[in-house]
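Undergrad: from the sequence below, what's the structure:
(one chain, ligands or ions: 2)
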Amino acid sequence: VRWLTSWGCAVQRTEPDNLPPSQFIRGGRILPDTTMRQTIRVSLGGSRLRLRLSNVFGTAPVAISRAGLAIPVEGRAGVSRIQTATSRPVTFDGLSTVVIPTGAEAISDPVALAVAPQTNLTVTVHLADGQAGEEITSHPGSRTTTYLVFGDHVDDLDLPGATPVDHWYLLTALDVPATAGARAVAILGDSLTDGRGSTTNGNDRWPDRLLARLQADPRGRSTAVLNVGLGGNRLLQDGLGPSGMARLDRDVLSRTGVAWLIVFEGINDIGTTEASVAGQAKVSGELIAAYQHIANRTQAQGIQVSFATLLPFGGNDLYDDPAGHREAARQAVNTWIRTSSDRIVDFDLAARDRADPRRLRPEIDDGDHLHLNPTGYRLLGDAVPLDLFD
Ligand SMILES: *[C@@H]1O[C@H](CO)[C@@H](O)[C@H](O)[C@H]1NC(C)=O
Ligand SMILES: *[C@@H]1O[C@H](CO)[C@@H](O)[C@H](O)[C@H]1NC(C)=O
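TA: Ligands and ions are numbered 1, 2, ... in the order given. From the prediction side, this is the model:
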């Protein structure tokens, strides 16, 4: 069987604020004797599913004592209740337990559960011993609710009294058997791709809109969408998660069946660099070199890359500077993108205010003049030319 990644998320070391609530950290262990029920949404469907769990950022091996997949009640995202008839055990080499070494990922055996495209799916895991140490791998900006409860409740219909948190822990991908011609597009980005300003449990980030459009188009029906955005992320330097350059291998190249990559990242590099002529000339030059480097690396793997122009941030407290040095850097980067290829995505054109192109259109601004509301994310999803994926 050739496998294709149908769902994936970027992973990082969990910062203190995004760790599980304090009652789930004790005796030097994170999530001891805890059941975690999390929801993901597949992009393409399939009759068998293979789960990937990540311990890339842990500082000790993590033992999964039991895991299961199920369809949530009414097929809804972010609920703690499952349809028990759909519940399936997840095994690893035939066993219900697996120890994931420090720095590694584990892939499950295929699980027989048929899901349609865009299905919400719950993944429930129990960690008898939790994870030793102070680090756990996560995707903080899940925009989806996870439920934590003590004891082994993997097969339970519901998790009464569970504690809700809006983060994903240990999850990183779900594969389905690839049908003929099925391929994935991966999206490397920051909070604008991760969905800051979108609806929790609403799946209205821009890649979700792109997926819906692909599913509605006969030519796009076998294209999976992998959102590997990370909030606060920069392309060139670590900070909130490893830099985009550093995580390209893990979050994009190691996924199966990726044929296209969209890169929509650089605004946080510009925004956190000193607002001076020299500082901004340097960062814009480095971003362009990084884009070329990504293009060369992905080309070597047979992946076609498209760059998306960076959105305006005029009026944002942290990033906008009165002399416009950062705006000049944004323009330099966008000019390079627009002249680099005809396979680009012009998000700036779609989102900027016609009357004041240094700013977002007011009706799509989430309020901080940097992030978008759901209307804005829909507009970005609509601005991606589907013929990029022919
Ligand atoms: C997934 O969950 C969301 C939120 O509850 C819901 O709007 C959507 O319809 C669900 N998807 C499917 C295919 O049922
Ligand atoms: C990318 O490849 C081109 C053409 O082969 C080459 O000229 C350029 O130096 C490469 N750039 C990087 C950053 O690797």
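
Undergrad: contacts and neighbour counts: CA atoms only from here.
TA: Will do.

Undergrad: in stretch 213-227, which residues are buried?
TA: By neighbour count, and taking 16 or more other Cα atoms under 10 Å as the criterion, the buried residues in stretch 213-227 are 213-215, 220-227.

Undergrad: out of those, which are inside helices?
TA: When DSSP state H is applied, the buried residues of stretch 213-227 are split such that 213-215 fall in helices.

Undergrad: as CSV, the residues you listed with distance to N233 would be great.
TA: As requested, these are arranged in CSV below (distance: Cα to Cα, whole Å):
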residue, distance to N233
R213, 27
L214, 27
Q215, 29
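
Undergrad: distance to I82 and pLDDT added to these, as JSON lines?
TA: As requested, those are exported to JSON lines (distance: Cα to Cα, whole Å; pLDDT from 0 to 100):
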{"residue": "R213", "distance to I82": "28", "pLDDT": "98"}
{"residue": "L214", "distance to I82": "28", "pLDDT": "98"}
{"residue": "Q215", "distance to I82": "25", "pLDDT": "98"}
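
Undergrad: now those residues as a markdown table including distance to ligand 1?
TA: Supplementary listing: these in a markdown table, determined by distance: Cα to the nearest ligand atom, whole Å:
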| residue | distance to ligand 1 |
| --- | --- |
| R213 | 14 |
| L214 | 15 |
| Q215 | 12 |
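
Undergrad: quick one on the thing from earlier: looking at the buried residues of stretch 213-227, which is nearest ligand 1?
TA: Each of the buried residues of stretch 213-227 was scored against ligand 1 by Cα to the nearest ligand atom, and Q215 proved nearest at 11.8 Å.

Undergrad: and the gap between that closest one and G376?
TA: Spatial separation of Q215 from G376 under the definition Cα to Cα, to the nearest Å is 20 Å.

Undergrad: what residues are up against the residue of the chain most remote from its centre?
TA: Residue distances from the centre of the chain (Cα atoms, centre = their mean) peak at A323, which lies 34.2 Å from the mean C-alpha position. If a contact means Cα atoms under 8 Å, 6 or more residues apart in numbering, then A323 has no contacts.

Undergrad: and it, backbone torsions?
TA: The phi/psi pair for A323 (degrees, to the nearest 10) reads phi -80, psi -10.

Undergrad: and the stretch 151-300 of the chain, which residues reach ligand 1?
TA: Taking Cα under 6 Å from any ligand atom as the criterion, the neighbours of ligand 1 within the stretch 151-300 of the chain are 201-202.

Undergrad: closest residue of the stretch 151-300 of the chain to ligand 2?
TA: When scored by Cα to the nearest ligand atom, the stretch 151-300 of the chain has H293 as its residue closest to ligand 2, at 3.8 Å.

Undergrad: so that residue sits in a strand?
TA: No: under DSSP: H, G, I helix; E, B strand; the rest coil, H293 falls outside any strand and is assigned helix.

Undergrad: ranges for the strands of the stretch 151-300 of the chain?
TA: 163-165, 168-169, 171-177, 183-189, 223-229, 258-264 (DSSP state E, counting those that start in this stretch).

Undergrad: got JSON lines for those strands, with distance to R359 too?
TA: Compiled in JSON lines, these are given as follows (distance: least, Cα to Cα, whole Å):
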{"stretch": "strand 163-165", "distance to R359": "33"}
{"stretch": "strand 168-169", "distance to R359": "33"}
{"stretch": "strand 171-177", "distance to R359": "35"}
{"stretch": "strand 183-189", "distance to R359": "20"}
{"stretch": "strand 223-229", "distance to R359": "22"}
{"stretch": "strand 258-264", "distance to R359": "18"}
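
Undergrad: ok, which of those strands comes nearest G28?
TA: Closest approach to G28 among the strands of the stretch 151-300 of the chain is made by strand 168-169 (17.6 Å; Cα to Cα).

Undergrad: I'd like the average pLDDT over the closest one.
TA: Average pLDDT, strand 168-169: 98.

Undergrad: just list what that strand packs against, helices and strands only.
TA: Strand 168-169 makes packing contacts with strand 137-139 when contacts are defined by 3 or more Cα pairs under 8 Å, 6 or more residues apart in numbering; DSSP states H and E.

Undergrad: show me how far the strand it packs on is from its chain's centre.
TA: With Cα atoms, centre = their mean, to the nearest Å as the basis, the distance from the averaged C-alpha position of strand 137-139 to the chain average is 10 Å.

Undergrad: cool, and stretch 150-164?
TA: Between the centre of stretch 150-164 and the centre of its chain there are 25 Å (Cα atoms, centre = their mean).

Undergrad: residues in contact with that stretch?
TA: Applying Cα under 8 Å, 6+ apart, the contact partners of stretch 150-164 are 32-35, 37, 66-68, 80-84, 87, 124-126, 128, 145-149.

Undergrad: now, which of those lie within helices?
TA: When DSSP H is applied, these are split such that none fall in helices.

Undergrad: narrow those residues to those that are buried.
TA: Applying 16+ other Cα under 10 Å to those, the neighbour count classes 32-35, 37, 66-68, 80-83, 87, 124-126, 128, 145-149 as buried.
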